[in-house]
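Visitor: Give me coordinates for this.
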Amino acid sequence: MSKTKPSGPSHYEMLFIIPNRFTEEEAKTVSEKTEKMVADNGGQITHREYWGKKKLAYEIKHNGYGYYSLLEFDLEGANLAKLNQVLKLSNDILRHQIISKKVKSNEEIARDEKIQAKIDSKRAAEKSKVKEEETKQAEKGKTKDDKRVELKDLDQKLEGILNADDLI
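Guide: Sure thing, here's the model as predicted:
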């Protein structure tokens, strides 16, 4: 059995960040232009996700926020270097990273979706539990007989203390 790489396109995943100087609509247009760059270099896009505006872990070129986008595509290895160079030279993209990725089977995709659904349901349950606790705390605060003092009353009492002759 030969240990050579299989011929044909490989599967890749690319995450890229668009600078905050663009609006949401312009960022989506830049994302579409990037998809066109992949297609122009012989790639076929299999999956795309637009994650929207997120805070960066650290500033990149004086940008604290960026629009994140994720692409999965099939591309010949020879064209990958060309695509990488085009993306490096692009002023519309702050950072990008391309990694080789295994193609998932339908069973793996279904399993991942089940896991994500469980995670989402647990998060929703935790959020509702926290909201219940907050409402209970708020109700406890309302039933207590608080004697709140107005700011005017405090000012008058303070003036009375300061003007008293027997302070010393």
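Visitor: Phe22 in helix, strand or coil?
Guide: Local secondary structure at Phe22 is given as coil here, using DSSP: H, G, I helix; E, B strand; the rest coil.
Visitor: Name the nearest residue to it, sequence neighbours excluded.
Guide: Of all residues beyond its chain neighbours, the one nearest Phe22 is Val30 (6.3 Å), with distances taken as C-beta to C-beta, 6 or more residues apart in numbering. In short, each C-beta sits where N, CA and C put it, glycine included.
Visitor: longest strand of this structure?
Guide: Of all the segments assigned as strand in the chain under DSSP state E, the longest by residue count is strand 44-60.
Visitor: So which residues of this structure form helices?
Guide: Remark: helices assigned in the chain by DSSP state H are 24-40, 77-89, 106-143, 151-162.
Visitor: tell me the most buried of these?
Guide: Counting by mean count of other C-beta atoms under 10 Å, helix 24-40 has the highest mean neighbour count of the helices of the chain, with a mean of 16.
Visitor: And the average pLDDT for that helix is what?
Guide: Taken as a whole, helix 24-40 has a mean pLDDT of 91.
Visitor: roughly how far out does it sit from the chain middle?
Guide: Using C-alpha atoms, centre = their mean, to the nearest Å, the mean C-alpha position of helix 24-40 is found 18 Å from that of the whole chain.
Visitor: May I have it exported as CSV, CA atoms only?
Guide: What follows is helix 24-40, C-alpha atoms only, in CSV (Å, rounded to 0.1, in the frame of the first residue of the first chain):
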residue,chain,number,x,y,z
GLU,A,24,-22.1,45.1,9.7
GLU,A,25,-23.3,45.2,6.1
GLU,A,26,-19.9,46.1,4.8
ALA,A,27,-18.3,43.3,6.8
LYS,A,28,-20.7,40.8,5.1
THR,A,29,-19.7,42.2,1.7
VAL,A,30,-16.0,41.7,2.6
SER,A,31,-16.9,38.2,3.7
GLU,A,32,-18.5,37.5,0.3
LYS,A,33,-15.4,39.0,-1.4
THR,A,34,-13.2,36.6,0.5
GLU,A,35,-15.5,33.7,-0.5
LYS,A,36,-15.0,34.9,-4.1
MET,A,37,-11.2,34.8,-3.6
VAL,A,38,-11.4,31.2,-2.5
ALA,A,39,-13.6,30.4,-5.5
ASP,A,40,-11.2,32.3,-7.9
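Visitor: Nice, that's everything, thank you.
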